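[1] Provided below for reference: sequence and predicted model.
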Amino acid sequence: MRFAEKLAVDHRKVDDALWVEVRAHFSEAEIIELTAHTTLYIGFGRFNEIIGLE
């Protein structure tokens, strides 16, 4: 959850320590999938806000 929150709030703050923690729980394939899905939904949320959808 902290990883997803960092991606949503300030992706530049995903530091080496957080990557170590994420890698302790997920495989590389799972990390790719988690990152892709998280950023996709963040993008959908921002898109909806920009065009005024709730």
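    Looks like it came in fine. Numbers count the residues shown, from 1 in each chain.
[2] quick one: the strands in the protein?
    Counting by DSSP state E, the chain yields no residue ranges for strands.
[3] Low-confidence stretches in the protein?
    For the chain, applying pLDDT under 70 flags no range at all.
[4] Burial check on Ala8, number of neighbours?
    14 (other Cβ atoms under 10 Å). The C-beta positions use only the backbone N, C-alpha and C, and glycine is treated the same way.
[5] Now it: closest residue in space that isn't a chain neighbour?
    The shortest distance from Ala8 to any non-neighbouring residue, by Cβ to Cβ, 6 or more residues apart in numbering, is to Ile42 (5.1 Å).
[6] Against Ile51, how distant is Tyr41?
    Plainly put, Tyr41 is 16 Å away from Ile51 if you go by Cβ to Cβ, to the nearest Å.
[7] swap in Arg12?
    With distances taken as Cβ to Cβ, Arg12 is found 26 Å from Ile51.
[8] Relative to Leu53, how far out is Ala36?
    Distance, Ala36 to Leu53, by Cβ to Cβ: 22 Å.
[9] for Arg23, same thing?
    According to Cβ to Cβ, Arg23 and Leu53 sit 35 Å apart.
[10] Also Leu34?
    Noted for Leu34: a distance of 25 Å to Leu53, by Cβ to Cβ.
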